[in-house]
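Peer 1: sequence and predicted model, in that order:
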Amino acid sequence: MKEYIDMSDEQLIACYVKGENEAFDALVERHKNRVYTYIYHQVKNDDLSDDIFQETFVKAIVTIKQGRYQENGHFAAWVTRIAHNLIIDYFRQTKAENLQSTDVAEVNVLNRKELCDCTVEDSIITTQIHHDVRRLIMALPENQREVLVMRYYRNMSFKEIADRTKVSINTALGRMRYAILNMRRIAEEHNIVLTM
């Protein structure tokens with residue numbers, strides 16, 4: 001990673017696009033303190049800050065890999081803007097979840113599906129969805145399956161996953177991305193519906 005230290009952000013991105021994952025690791029290393037501090041200052045919660053930080057760099061990876069990143073010499077500002085937008089999304093979602101009013105006569109806050117016992121049909125569909133998800137997970141390559149299980153079933157951060165699997169955070173993020181893409185592809189190919 002020493003050879004990347006003197007490169008500009010744009011040079012590192014160019015190297016990453018060519019397949020040099022260590023270049024993205026250098027970008028993360030260069031900007032992680034600034035981005036994390038910004039996120040934490042806004043949300044004041046360690047776990048939430050970790051999640052938003054990780055999601056920020058996942059979005060950056062996806063955008064760069066899709067060729068949608070515009071080189072303008074402001075990578076730090078761009079990645080901070082991604083974090084900012086994710087923070088806004090989080091607060092909007094939280095606000096929406098907490099905005100049911102009992103003052104409105106036609107809204108009964110207790111008349112919500114999640115507060116009701118599910119029907120037999122709902123239970124059967126849910127069981128089938130869980131079964132299908134397990135089948136999709138088992139169809140993944142081992143390294144993708146491992147990351148997905150650690151993240152979603154063991155609730156591990158990408159840093160913990162990277163440490164456990166002895167790969168870079170960028171590699172762990174990439175494996176997660178490919179796992180999700182592969183699961184979607186397999187589901188589409190086999191006409192598997194994963195929603196109620």
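Peer 2: Structure received.

Peer 1: how about Tyr178, nearest residue that isn't a chain neighbour?
Peer 2: Residue nearest to Tyr178 in three dimensions, not counting chain neighbours: Gln144, with 5.6 Å by C-beta to C-beta, 6 or more residues apart in numbering. Placement of C-beta: from N, CA and C, glycine included.

Peer 1: got a list of what that neighbour touches?
Peer 2: By C-beta atoms under 8 Å, 6 or more residues apart in numbering, Gln144 lies in contact with 175-176, 178-179, 182.

Peer 1: any idea which element it lies in?
Peer 2: Per DSSP states H and E: Gln144 is located in helix 142-148.

Peer 1: buried residues, that helix. List them.
Peer 2: By neighbour count, with 16 or more other C-beta atoms under 10 Å as the criterion, the buried positions of helix 142-148 are 143-148.

Peer 1: next SSE after it?
Peer 2: Proceeding N to C from helix 142-148, the next assigned helix or strand is helix 158-165, under DSSP H and E.

Peer 1: check the residue nearest to Tyr178 and give its pLDDT.
Peer 2: Note on Gln144: pLDDT of 92.

Peer 1: separation between it and Phe53?
Peer 2: To Phe53, Gln144 is 22 Å away according to C-beta to C-beta, to the nearest Å.

Peer 1: before we move on, what about Ile137?
Peer 2: Using C-beta to C-beta, we find Ile137 at a distance of 25 Å from Phe53.

Peer 1: those two: who's more crowded?
Peer 2: For Ile137 versus Phe53, neighbours defined as other C-beta atoms under 10 Å are more numerous around Phe53 (22 against 18).

Peer 1: my guess is that one contacts Thr80. True?
Peer 2: No. Counting by C-beta atoms under 8 Å, Thr80 is not a contact partner of Phe53; they are 11.2 Å apart.

Peer 1: tell me, what's touching these two both at once?
Peer 2: Common contacts of Phe53 and Thr80 (C-beta under 8 Å, 6+ apart): Val35.

Peer 1: sorry, back to before: among the contacts of Gln144, which one sits closest to Arg68?
Peer 2: Comparing the contacts of Gln144 against Arg68 with C-beta to C-beta picks out Tyr178 as the nearest, at 18.2 Å.

Peer 1: give me the neighbour count for the closest one.
Peer 2: Burial measure for Tyr178: 16 neighbouring residues, criterion other C-beta under 10 Å.

Peer 1: what's in contact with whichever strand or helix holds it?
Peer 2: Counting by DSSP H and E, the element that carries Tyr178 is helix 169-189. Contact with helix 169-189 is made by 21-22, 24-25, 28, 54, 57-58, 61-62, 132-133, 136-137, 139-141, 143-148, 151, 158-159, 161-162, 165, 167, 192-194, as judged by C-beta under 8 Å, 6+ apart.

Peer 1: now, of the residues you listed, which are buried?
Peer 2: 21-22, 24-25, 28, 54, 57-58, 61, 132, 136-137, 140, 143-148, 151, 158, 161-162, 167, 192.
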